[in-house]
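Q: coordinates only, no sequence provided:
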């Protein structure tokens, strides 16, 4: 199980195994399936190894989770270069396990130019230093699922609204919106590719919270919830040395599917990324 930022960075150390082909290291996992953010971050790193020459960085990443990833089985990434020029480059990344496709993505690269200073107003949220760490907040549930709720995490996470495990016990379902602050527990390299791969990894963490709030579920049940697709647009670099605010809501939940949209802000109001994901609610 990934519990530190260092372990995430180790996941991004892909090894070449042929022309435009890479293999990602696998952590010892206790999950039934691989975490989607893990696969997406490795896929983005594979694409970056092919297209990041000339100062180009990822601008957007559009993914489909085709099959469930199997823990402890090597994942191979194949990159197909679709377009390459001095302004915009595009490629397709396919992830396979045992020669079966588990993930497909299209990503675009370009030269990052901040341009106009587009500072936003942060969504209303208490100062993170006044909030409780998620491990302490979920301490009453420490005996459930072999300590799953209080496990060590790579990020210090502090919810503004009750997290799904607490909300599911409340008499009335809260609105389908979730806000939280998070901060890396260890330094993240000052590298634009590592920054956006790390942002991709964390963008999949908790994104479906507002769907679970409305459906009165958690990641541990009742039933299951799984990602179908995931899109992230990169704006500013994330400042991992300070708090990031992740503001999410669910505009649609119907017919066993839920759509979540999120924005990740630096503490000074810079919008680091916009994220959209659809998940399936299974029985």
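A: All right, it came through fine. Please read these numbers as outputs of a predicted model, since none were measured by experiment.
Q: show me where the stretch 101-250 of the chain has helices.
A: Secondary structure of the stretch 101-250 of the chain (DSSP state H, counting those that start in this stretch): helices located at 134-137, 164-167, 192-203, 209-215.
Q: tell me where the stretch 1-150 of the chain has strands.
A: Listed in chain order, the strands of the stretch 1-150 of the chain (DSSP state E, counting those that start in this stretch) span 15-18, 21-24, 56-65, 75-84, 88-97, 100-111.
Q: make a markdown table out of these and add mean neighbour count.
A: Where you see a C-beta, it was placed from the backbone N, CA and C, and this is true even at glycine. Shown next, in a markdown table, are the strands of the stretch 1-150 of the chain (neighbours: other Cβ atoms under 10 Å):
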| stretch | mean neighbour count |
| --- | --- |
| strand 15-18 | 10 |
| strand 21-24 | 20 |
| strand 56-65 | 21 |
| strand 75-84 | 17 |
| strand 88-97 | 20 |
| strand 100-111 | 19 |
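Q: kindly reformat those as CSV containing distance to residue 217 and mean pLDDT.
A: CSV is the format used below for the strands of the stretch 1-150 of the chain (distance: least, Cβ to Cβ, whole Å; pLDDT from 0 to 100):
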stretch, distance to residue 217, mean pLDDT
strand 15-18, 38, 95
strand 21-24, 30, 96
strand 56-65, 19, 96
strand 75-84, 28, 95
strand 88-97, 27, 96
strand 100-111, 24, 96
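Q: tell me which of those strands sits nearest to residue 205.
A: strand 56-65 (15.0 Å; Cβ to Cβ).
Q: gap between that closest one and the chain center?
A: Chain-centre distance of strand 56-65: 12 Å, with Cα atoms, centre = their mean, to the nearest Å.
Q: now stretch 12-30
A: Taking Cα atoms, centre = their mean, one finds the center of stretch 12-30 at 18 Å from the center of the full chain.
Q: what's stretch 255-264 in contact with?
A: Stretch 255-264 is contacted by residues 123, 199, 202-203, 207-211, 214-215, 225, 228, 238, 244-253, 271-282 when judged by Cβ atoms under 8 Å, 6 or more residues apart in numbering.
Q: all set now, cheers.
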